[in-house]
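Asker: Could you work out the structure for the sequence below:
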Amino acid sequence: MSRTVYILGGHQTDFARNWTKEGKHISAMIREAVEGTLAATGVAAKDIQVGHVGNFAAELYSMQGHLGAFLVDVDPAFHGLPTGRHEAACASGSIALLAASAELEAGRYDVALVVGVEQMKTVSPAIGGDYLGTAAWYESEAKGVEFPFPKLFGKLGDEYDRRYGLKDEHLAHISAVNYANAKRNPKAQTRTWYMTEAHACGGGEYNATIGGRIKISDCSQVTDGAVGVILATEAYAAGWARQRGMSLDQLPRIQGWGHRTAPLRFVDKVEAAKDSPYVLPHTRQAVTDAYRRAGIADCWALDGIETHDCFTTSEYMAIDHFGLTAPGESWKAIEAGVIDFGGKLPINPSGGLIGAGHPVGATGVRQLLDCARQVTGTAGGYQVDGARRFAMLNIGGSGTTSVVFVVGRDA
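Answerer: This next block holds a predicted model:
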């Protein structure tokens with residue numbers, strides 16, 4: 001029995017939309033993602049055998065739980081479909097992907113539908129910031145704290161600064177690259193927004209400090225969005241490919257994965273990492289696990305990376321944790337232009353969370369879909385030339401849950 005999981009394609013909603021202003025319920029977001037995914041892949045609804053939904057906090061933002069059941073409403077062929085919902089803060093989408101791929105590997109099913117969704121614009125920024133605080137240890141890290149997550153990821157930058165030094169201009173470059181990449185992406189939330197490196201370096205009225213060293217330009221977006229993908233076993237994917245005049249080795253597949261979880265409180269992560277050269281050693285372990293399972297030695301076997309830049313500090317961390325530089329030397333890859341769109345190893349050609357948007361439960365699914373598009377040459381304006389293998393890192397909480405996928409094709 002093959003254990004290979006193939007990605008047949010998917011669909012992303014426009015991340016610039018405000019579904020609350022449109023008067024639409026979270027179920028409408030799920031429906032659009034599912035219908036778009038079926039249309040994009042040409043997979044019949046009757047062929048779907050199981051459904052998984054990734055979502056962080058619909059009970060708070062939308063007063064709605066039990067999201068897996070909404071899949072059943074999309075098409076009469078789905079009635080009776082086994083479904084479930086998965087939560088791991090901002091890594092919820094990736095946990096749904098891991099669960100679906102594990103079922104396919106185990107031989108339970110041949111075709112799985114995965115949807116990531118979050119509707120975040122139902123409340124004010126202050127209330128939304130409080131909701132996001134539940135991805136940390138709420139009582140000790142977020143309760144009564146205005147915008148707790150910028151402050152927590154500011155502390156990630158502070159830890160780099162304490163250990164190795166950190167310059168704000170390097171974070172500004174990360175921001176500028178993501179905004180510039182987003183202009184290439186027709187579904188990116190900030191595709192029409194203004195941002196330059198000089199502006200990101202500045203402060204004051206137009207780039208206010210949110211918490212600690214984190215300014216507006218360092219932050220990902222508050223986003224409404226849903227993304228669907230279809231995963232399949234070799235048995236189903238081979239037939240699907242034949243119908244389209246393709247060979248199986250032309251299809252993108254999950255070549256490797258890594259999944260690690262650290263303590264919930266950020267201070268406990270720092271304590272656990274005190275003897276490691278990596279600020280988040282469990283994240284580095286998830287990366288190396290994925291490399292090992294994919295049969296690659298290091299990041300230079302990749303053609304690009306989609307990483308979790310909820311803040312510029314988390315992308316700064318990802319650069320050395322993926323191995324582009326030695327620990328603490330991420331600035332070298334930034335200054336050399338390695339991470340730029342035309343660089344040696346582009347990061348976030350989609351625009352990432354800062355540029356494309358960050359609907360929390362959908363982000364991991366969006367990242368996987370973008371990786372699949374890259375390695376099949378279907379990423380459009382943000383296509384990396386000649387891409388054959390991409391990796392992604394999805395993080396939940398203040399670096400708590402780390403999920404890495406390596407996606408590639410064999411021909």
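Asker: For the rest of this, base every contact and every neighbour count on C-alpha atoms.
Answerer: Fine.
Asker: For residue 364, give me its contacts.
Answerer: 90-94, 116, 394 (C-alpha atoms under 8 Å, 6 or more residues apart in numbering).
Asker: how about those, which pair is most distant?
Answerer: Within the contacts of residue 364, 116 and 394 form the most distant pair, 12.7 Å apart (C-alpha to C-alpha).
Asker: tell me how far the ends of stretch 211-222 are from each other?
Answerer: 16 Å (C-alpha to C-alpha, to the nearest Å).
Asker: on that earlier part again, so what sits against both of residue 116 and residue 394?
Answerer: 363-364.
Asker: Skip ahead from the strand or helix carrying residue 231 and say which helix or strand is next.
Answerer: Here residue 231, judged by DSSP states H and E, is contained in strand 225-233. Using DSSP H and E, the helix or strand that follows strand 225-233 in sequence is helix 234-243.
Asker: still on that earlier bit, quickly run through the sheet partners of the strand holding residue 231, with directions.
Answerer: Pairing partners of strand 225-233, with direction, according to DSSP bridges: strand 5-12 (antiparallel), strand 111-118 (antiparallel).
Asker: Tell me which of these is the most buried.
Answerer: Highest mean neighbour count among these (mean count of other C-alpha atoms under 10 Å): strand 111-118, with a mean of 30.
Asker: Pull the helix or strand following that strand out as CSV, backbone CA atoms only.
Answerer: Scanning forward in sequence from strand 111-118 by DSSP H and E, the next helix or strand is helix 125-132. Backbone C-alpha positions of helix 125-132 (Å, rounded to 0.1, in the frame of the first residue of the first chain) are rendered in CSV as follows:
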residue,chain,number,x,y,z
PRO,A,125,-9.5,45.2,16.8
ALA,A,126,-9.4,45.4,20.6
ILE,A,127,-11.8,42.5,21.1
GLY,A,128,-10.2,40.6,18.3
GLY,A,129,-6.8,41.0,20.0
ASP,A,130,-8.3,39.6,23.2
TYR,A,131,-9.7,36.6,21.3
LEU,A,132,-6.3,36.0,19.8
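Asker: Does helix 125-132 pack against any helices or strands, and if so which?
Answerer: With contacts taken as 3 or more C-alpha pairs under 8 Å, 6 or more residues apart in numbering; DSSP states H and E, helix 125-132 sits against helix 58-61, helix 148-163.
Asker: got the angle for the next helix or strand after the longest one vs helix 148-163?
Answerer: Just to be clear, that refers to helix 148-163. Using DSSP H and E, the helix or strand that follows helix 148-163 towards the C-terminus is helix 168-182. On the basis of axes from the mean of the first three to the mean of the last three C-alpha atoms, to 10 degrees, helix 168-182 is oriented at 130 degrees to helix 148-163.
Asker: what comes into contact with helix 168-182?
Answerer: Here helix 168-182 has contacts from 188-191, 193-198, 200-201, 217-218, 312-313, 315-316, 331, 334-335, 340-341, 348-352, 354-356, 382, using C-alpha under 8 Å, 6+ apart.
Asker: redo that, cut-off 6 Å
Answerer: 188, 191, 196-197, 200-201, 312, 349-351, 355-356 (C-alpha atoms under 6 Å, 6 or more residues apart in numbering).
Asker: Just send those residues back as a markdown table, with neighbour count and secondary structure too.
Answerer: Formatted as a markdown table, those follow (neighbours: other C-alpha atoms under 10 Å; DSSP: H, G, I helix; E, B strand; the rest coil):
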| residue | neighbour count | secondary structure |
| --- | --- | --- |
| 188 | 26 | coil |
| 191 | 21 | coil |
| 196 | 16 | coil |
| 197 | 19 | helix |
| 200 | 22 | helix |
| 201 | 19 | helix |
| 312 | 29 | helix |
| 349 | 33 | coil |
| 350 | 33 | coil |
| 351 | 30 | coil |
| 355 | 29 | helix |
| 356 | 32 | coil |
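Asker: could you dump these to TSV with distance to residue 209 and pLDDT?
Answerer: TSV is the format used below for those (distance: C-alpha to C-alpha, whole Å; pLDDT from 0 to 100):
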residue	distance to residue 209	pLDDT
188	24	98
191	23	98
196	17	92
197	16	94
200	11	94
201	11	92
312	13	98
349	26	98
350	26	98
351	22	98
355	19	98
356	21	98
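Asker: any chance of those residues in JSON lines, plus distance to residue 16?
Answerer: Compiled in JSON lines, the contacts of helix 168-182 are given as follows (distance: C-alpha to C-alpha, whole Å):
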{"residue": "188", "distance to residue 16": "7"}
{"residue": "191", "distance to residue 16": "8"}
{"residue": "196", "distance to residue 16": "20"}
{"residue": "197", "distance to residue 16": "22"}
{"residue": "200", "distance to residue 16": "21"}
{"residue": "201", "distance to residue 16": "25"}
{"residue": "312", "distance to residue 16": "21"}
{"residue": "349", "distance to residue 16": "17"}
{"residue": "350", "distance to residue 16": "14"}
{"residue": "351", "distance to residue 16": "13"}
{"residue": "355", "distance to residue 16": "11"}
{"residue": "356", "distance to residue 16": "9"}
